[in-house]
Structures are given as C-alpha cells and as structure tokens.
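> fold the following for me, if possible:
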Amino acid sequence: MSTRAHSTQQAAARAATEGGLRVAAVQMASGPTVSANLTEAEVLIRLAARQGARLVVLPEYFAILGLRDSDKVAVREQPGHGPIQDFLSRTAKKLGIWLVGGSVPLWTEDPVKVRNTTLVFDDKGQLAARYDKIHLFGFEMGGETYREEATITAGDEIVVFDSPFGRVGLGICYDLRFPELFRRMQAVDVLVVPAAFTETTGRAHWETLVRARAIENLAYVIASAQGGFHRNGRETHGDSMIVDPWGIVLDRLPRGSGVVVAEIDRDYQARLRQSLPALSHRVFS
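Sure thing, here's the model as predicted:
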C-alpha cells in the first residue's frame, strides 16, 4: 500500500502564517437524484461559507444515495469530467473555499463498479487531492446486509495534502475502524472523514471511533455524515461532528440536514503536542 501526497507552494505558505481557521462539516440525507442532491449541497455549502468556513466537507455519497447500490454505477464519471466534479470545482471557486466532495462515483475498468472517491478542490477550483476508499464495508445483522465490494473497486493509496489548514489526511467512513491507516499518514494536523454510517453501527461506535482517531493522532477530525431516512429505506446515523486534538467535540449535529462549524487553532494543537509528545514516542510504525 503506497502513500500519495499533494502539496502546493501557496497552500504551504498560508499554512505557515495563519492561526485559527474555520472549517465546516455538512450533513445531508441524500436521495437517488443527483441534481436534487447537488442543489441541497449548494445551499448547505453556502450556509457554511456565510458562517466563515474556509474548508467545507461534504458527506460520503452526497451526490447520490440510490434506490439500489448499483444506481451509482449509472452516474459514475470519468476523472476530471462530469456534472458532480464540475459542481465541486465551480462552487469552490465561486465561494473562495476549499471544498471536499465527500465521495464521488468515478469510473473504474470494471463495468459494474465505481471508485468511491473523495475529491478536494482548492479555493481556485483546482483539484488538490484525490483519495479512493480503501476499506470496503461489509455488514450483516438482523435484516441489514451491506456489501460494498459488489459495486466498489477499492483504492490502495494513502493520501495526505498540504493546505492552509495544515497537513490533511483523507479517509472515508469504514476507514475509521482501521487506525493503522491514519498512523501511516505520520503527523497530520487534520483528518477528514466523510461517512454514511448505518444507524445500527453509528449508534454503537461512531462517536467513539471519531474521537479515538482525534486523540491518538492529536489531530482535528472533521467527520461529515449522512443523517436520516433515505428513499431506499436505509437509515443513516448522522451526528456529524468536529473534534479537537484532545478529543473534545467542538460542534455536532445529531440528525437532519445542516452544518457544523468550528475553529482550527494550530497554536493550541502545537501546545498539546508539546505537552504530550505521543507521536514522537511511537515505538512501532
């Protein structure tokens, strides 16, 4: 498994000179129609931007949560082309924000599958990073059955990138259960984890996993989630949250569509890492 890093000189320069920065997680209950989901996403992104957020994170499957798992295959896009990617680029540029497209169904060679991909666009509307989901969710309990491997081709590269908010690592949903993924990123300042946790697994584990990843990496975690009932009968847990490096939940939204907003304080994070240098105490890597 390899690691891919993205950086820009401008982003690194801003990261070195800026202190606190506002970030936001968007929560949705997406449906089967891409255009309707993009319309709702734009409203919520604008709401976050009006509250001062300069980095906005959309949830997994924000553009489509179909009636069938295979519906996303029908709307998959070639990298660099398509209405979902155009929307993300255009919106980021128009609002002057960094925008994380929670996950976008991208083309893969298998005709019945997609790459479940996080795309990050900078404030100029340029693609800054791409992450293909590595861990594919499988679950059977009661009447619930999920097999992401049936419609998704897994990625195999860990992705981090430099930004005005510090060094950012990307994960998607089920990745939260695999702490070794985030450890392999080394010292990242922010972890971004778009998700669509089921109500069953989310009620049991979501907050614990999000806060654990923040604590063990002394990093901010922006966890944007699907939250509510969907046209396909699925219920997602929601509880989008932003957690600080000490594991404190700065803002959260238990259910429904909306945004959570919080401040990233790089000086505070540096003081915590100096007081508790756990990252430098690691024995195993």
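
> and the strands in the stretch 1-150 of the chain?
2-6, 21-27, 55-57, 98-106, 115-121, 127-132, 138-141, 144-147 (DSSP state E, counting those that start in this stretch).

> now mean neighbour count too, for those, in CSV please.
Using the backbone N, CA and C atoms, a C-beta is placed for each residue, glycine as well. Output for these, formatted as CSV (neighbours: other CB atoms under 10 Å):
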stretch, mean neighbour count
strand 2-6, 14
strand 21-27, 26
strand 55-57, 28
strand 98-106, 27
strand 115-121, 25
strand 127-132, 22
strand 138-141, 11
strand 144-147, 13
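
> let me know which of the ones you listed is the nearest to residue 248.
Each of these was scored for nearness to residue 248 using CB to CB, and the closest is strand 21-27 (14.9 Å).

> so the closest one versus strand 98-106, what angle?
On the basis of axes from the mean of the first three to the mean of the last three CA atoms, to 10 degrees, strand 21-27 is oriented at 30 degrees to strand 98-106.

> what's in contact with strand 21-27?
With contact meaning CB atoms under 8 Å, 6 or more residues apart in numbering, strand 21-27 is reached by 41, 44-45, 48, 51-59, 62, 102, 164-165, 190, 220, 222-227, 238, 240-242, 253, 256-264, 266.

> for the stretch 51-200 of the chain, which spans come out with low pLDDT?
Under the criterion pLDDT under 70, no range of the stretch 51-200 of the chain is flagged.

> ok but residue 274 is inside a helix, no?
Yes. According to DSSP: H, G, I helix; E, B strand; the rest coil, residue 274 belongs to a helix.

> what's the neighbour count on it?
When neighbours are counted by other CB atoms under 10 Å, residue 274 registers 8.

> residues touching it, list them.
No contacts exist for residue 274 under CB under 8 Å, 6+ apart.
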